[in-house]
Each structure stands twice: as C-alpha cells, then as structure tokens.
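>>> I would like to see how this sequence folds:
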Amino acid sequence: MTGDVQLQGVSKVYGAGQPAVRDVSLTIAPGELLVLVGPSGCGKSTLLRMIAGLETISGGTIRIAGKAVNDTPPKDRDVAMVFQNYALYPHMTVEENMGFALRMRGMPKPQRAEKVRAAAQSLGLTDLLGRKPGELSGGQRQRVALGRAIVREPQVFLFDEPLSNLDARLRVSTRGEIKALHQRLRVTTVYVTHDQEEAMTLGDRIAVMHAGQVRQCDTPLAVYARPADRMVAGFVGTPSMNFVDGVLTRNPAQGNASPGWCVRASNWLVPIGPGVCSEAALQEGKPVTLGVRPTGLLLAKPGEAEAALAGTVHVVEPLGEATDIHVQTALGLLVVRLPLGTPPWRAGEATLVLAKPDSLHLFERGELGKRLARD
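Predicted coordinates for the structure are as follows:
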C-alpha cells in the first residue's frame, strides 16, 4: 500500500554554514510522482536524503503515511531508494541483487524467487537473472536497481538522479520505462533531477528549487506557462527564456482613446498583449524585466517591420523540426526559435527581432523577481 509524504518546514544546516534546505513544506499525495528539479547545489538531493533518513534534519517534520519519521531509522521508513550509481553488489547475480533485501527480511526462497521473477519480467530482465553487474550495460544495471526497489513493495520510491550516468538515447528509453512503471504501480514517488526536460516529462507535479527553497510547485504545464518568478522562467524550457530589462510605458501608437501598454527597452518598444498582465500592475515608468521564450520571437528583414529590435545573426542551429537563431543585439544575445520551413538565415546577416504581444511575461527586476500577475 502506498502512502503520502508530508514535509512541514523542513530545513538542513551543515555546521555554521548557510542552510542547504530552508523551510520546505510539501505534500506528495498517495500514488503521485513529484519531481524535485533545480541547478546543482540547490538542495534537492539533500531533501531527498532527509526523506530517506540518510540525513538528519535541522528543523521541521517529515511524515510518511501520516507517521512522523524524523527519528525513524532508514530501514524502518518503508521506502526504497534508487541511486545514480546503481549500488549493485558486483559478486552477486542479477537475481541475487534484486532479492537481497527480501533475503535480509527472512523471506522464504520460493516466495523471494517469485517476486524477483515477476519484477524481472516487467523490466525485461528475465534473460539476465544469472548474470553479474559487470556483464551488463549501464541501462541494464539501472533496470536491476529499479527491480531491486520494486520487489520490496515500499510505500515510497525515492530516485536520486538515476539516469545521469546513461547516454542520451538510454536516458530517453529508461525514462519511458520509469514512467510506465509508475503508471502501472502507482507508488508514491519522489524523483530528483537537474534535467528540466526529464522533470517535465516524468512528473505529475514538479517542484523547482533554488538555494534550498522551493520556488514553485505545480503541474509541468503550469510551471512552463505561468512561472512564479524569473528564476523558474529561466530554468524551465529549452532554450531558456530571453530576458530584457525595461520600463512600462503607454503605447504612443494607440493614443489616449485606447491606451495600450508597452515595455521600452532602450530603443525597442514592445507592445504588451491585453492578457499578459493585470491592469493594477501597470504603472507608467515602472521598472520591469520582459521575458519571452524563443518561440515568442520572430525575425524580419531590415525595413520590413516596425516596433522591432535591430540585430545581427550570430549563430544558426538547425534542429530538424525547428531552427534556433542566436541574434546579437544592443540588449544582448537573444535566441529565436523558428519552425521548419522558415526561410533560412545566415551568420552575419542583419535582421530585426519582433515579439509576439501575447507571448510575453513581465517580472519584477532581479534574479528572483516575481512574475506580475494576470487578471
């Protein structure tokens, strides 16, 4: 039976240093897959290890299935952890590795073998049960580590960057296996990764961490479409969101009869779509940071458009289904993603950058500037 996980004001401080985790409160529902994602050093692995009992907590409470486990040893928390480095015993076969925890519990051999073979079948490991880890590929070793966790039938799965040691192709295939496994078993799962694409594709919800804090926790689509602050907006999405500092001003092209709004950044006047920001947040001369994803930008030839920013094509990156154009401007380097079939651009070519008015995000100034609310 799977249980929920509740974190209430959980913190971790090493010695007299800065907190590695600061006042984190989260509830992971029974059967949910929550991904902790963020840059290296943000505290996500430390938080996971505190749930597992491998790190003591400095403050707050951790509950698993309603029971406080702050002082409960790892072996008694009914969790199974899958590590980045597999942690397999090299002298044991796949079957022995997968059944080791069950043997330590004193489970009879026939029952143990049945559970191991059922897990092996679900993971495509049946033909490898007699091999040792040194005879397996990286992807096969990771599946063995998954199988070892499955046979324990825990209340909670904990994954600590399990795909980091795999090549790109194996990461994608193993990621699909983990998602299918979760959909089948529906065991509460906390998954740590620094790869935001991995987080977006796997999680029922994702919690974006920075400097030991959770900046936003929501569904992947909500985090992408409505980032809580500039840090989240810049971390989630590939390529990253473009940012330009400017000030709010009334749109002179619309006059006083229907006063729209713009962001003025140097000599670039960017019209703001009507649903981008609430009227209450719009103030003449207010400093803001304009955020726009590469898909929210367009390119035009010189003289073909108004309200555009002049630039020079710096790098062209063909991606098959799209092309990323890096444009050097007076406001810095901007990345524009153009769909397949768009007329080609060449490095060194003069261009104009335009922003789609309804694709904009407005943030308060600063690295952690909050997103200005919409109506």
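
>>> let me see the mean pLDDT of the host helix or strand of L299.
Assigned by DSSP states H and E, L299 belongs to strand 297-300. For strand 297-300, mean pLDDT is 96.

>>> please apply the same query to stretch 61-72.
95.

>>> the domain parsing of this structure - what is it?
What the record gives for the chain is the domain set 5-228, 242-363, from automatic domain parsing.

>>> circling back to that earlier point, run the chain-centre distance for whichever helix or strand comes after the strand holding L299.
Using DSSP H and E, the next helix or strand after strand 297-300 towards the C-terminus is strand 309-318. When C-alpha coordinates are averaged (Cα atoms, centre = their mean, to the nearest Å), strand 309-318 and its chain have centres 28 Å apart.

>>> need the residues that contact stretch 303-317.
253, 267-271, 300, 302, 323-331, 333-334, 344-354 (Cβ atoms under 8 Å, 6 or more residues apart in numbering). All C-beta spots, glycine's among them, are computed from the backbone N, C-alpha and C.

>>> what's the neighbour count on L158?
Neighbour count of L158, defined by other Cβ atoms under 10 Å: 24.

>>> from L33, how far off is the residue at minimal distance from the centre of the chain?
Closest residue to the average C-alpha location of the chain: Q196 at 3.3 Å, with Cα atoms, centre = their mean. Q196 is 16 Å from L33, where distance means Cβ to Cβ, to the nearest Å.

>>> hang on, the earlier thing: in ChimeraX, select just the buried ones from the contacts of stretch 303-317.
Restricted to buried positions by 16 or more other Cβ atoms under 10 Å, the ChimeraX selection for those reads:
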select :268,269,270,271,323,324,325,326,327,329,331,334,345,349,351,352,353,354
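
>>> give me the subset of the contacts of stretch 303-317 lying in strands.
268-271, 300, 323-329, 333-334, 350-354 (DSSP state E).

>>> which residues are contacting whatever helix or strand H361 lives in?
Using DSSP H and E, H361 falls within strand 360-363. Under the criterion Cβ under 8 Å, 6+ apart, residues 227, 229-230, 233, 241, 243, 263, 270, 272-273, 276-277, 281, 288-292, 296, 369-372 lie in contact with strand 360-363.

>>> same thing but 6 Å
R230, I272, V276, C277, V288, T289, G291, V292, G369, R371, L372 (Cβ atoms under 6 Å, 6 or more residues apart in numbering).

>>> one step back: just checking, what packs against the strand holding L299?
strand 350-355 (3 or more Cβ pairs under 6 Å, 6 or more residues apart in numbering; DSSP states H and E).

>>> thinking again about what came up before, okay, the strand holding L299 in PDB with CA atoms only?
Coordinates of each C-alpha in strand 297-300 appear next as PDB, following Å, rounded to 0.1, in the frame of the first residue of the first chain:
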ATOM      1  CA  LEU A 297      10.100  35.900 -31.100                       C
ATOM      2  CA  LEU A 298      10.000  36.500 -34.800                       C
ATOM      3  CA  LEU A 299      12.600  37.700 -37.300                       C
ATOM      4  CA  ALA A 300      12.200  40.100 -40.200                       C
END
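
>>> got the buried residues for it?
In strand 297-300, counting by 16+ other Cβ under 10 Å, buried: L297, L298, L299.

>>> give me the distance between the two termini of stretch 283-292.
End-to-end distance of stretch 283-292 (Cα to Cα, to the nearest Å): 20 Å.

>>> can you offset everything so residue one is 13?
Sure, I'll start counting at 13 from here, so that last one is stretch 295-304.

>>> follow-up on the earlier one: chain neighbours aside, what residue packs nearest to the residue nearest to the centre of the chain?
V248 (5.2 Å; Cβ to Cβ, 6 or more residues apart in numbering).

>>> what of T84?
Per Cβ to Cβ, 6+ apart, closest to T84 is G65, 6.4 Å.

>>> same question for S185.
Nearest to S185 is G151, by Cβ to Cβ, 6+ apart, at 7.0 Å.

>>> ok, that neighbour - contacts?
L178, L182, T186.

>>> report the contact partners of the first one.
L178 makes contacts with G150, G151, as judged by Cβ under 6 Å, 6+ apart.

>>> quick check: it is in a strand.
No: counting by DSSP: H, G, I helix; E, B strand; the rest coil, L178 falls outside a strand, being coil.

>>> contacting residues around the helix or strand containing R75?
Taking DSSP H and E as the criterion, R75 maps to strand 71-76. For strand 71-76, contacts defined as Cβ under 6 Å, 6+ apart pick out G15, V17, Q18, L19, Q20, G21, V22, S23, A80, V81, N82, R89.

>>> if any of those are buried, put those into a ChimeraX selection.
This is how ChimeraX selects the buried members of the contacts of strand 71-76, with burial counted by 16+ other Cβ under 10 Å:
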select :15,17,18,19,22,23,81,89
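
>>> among the contacts of strand 71-76, which two are most distant?
Farthest pair in the contacts of strand 71-76 (Cβ to Cβ) is G15 and S23. Separation: 22.9 Å.

>>> ok now the strand holding H373, how far from the chain's centre?
On Cα atoms, centre = their mean, the centre of strand 372-375 falls 20 Å from that of its chain.

>>> let me see the mean pLDDT of that strand.
Rounded mean pLDDT across strand 372-375 is 96.

>>> what comes up buried for the strand holding R75?
G72, I74, R75, I76.

>>> what about stretch 166-178, start to end distance?
Chord length of stretch 166-178, first to last residue, is 25 Å (Cα to Cα).

>>> how much space separates V25 from Q18?
For V25 relative to Q18 (Cβ to Cβ), the value is 21 Å.

>>> er, C229 I mean
From C229 to Q18 the distance is 13 Å (Cβ to Cβ).

>>> count of residues packed around the closest residue to A245 other than its chain neighbours?
Leaving aside its sequence neighbours, A245 sits nearest to P239 (Cβ to Cβ, 6+ apart; 3.7 Å). Using other Cβ under 10 Å, P239 has 25 other residues around it.
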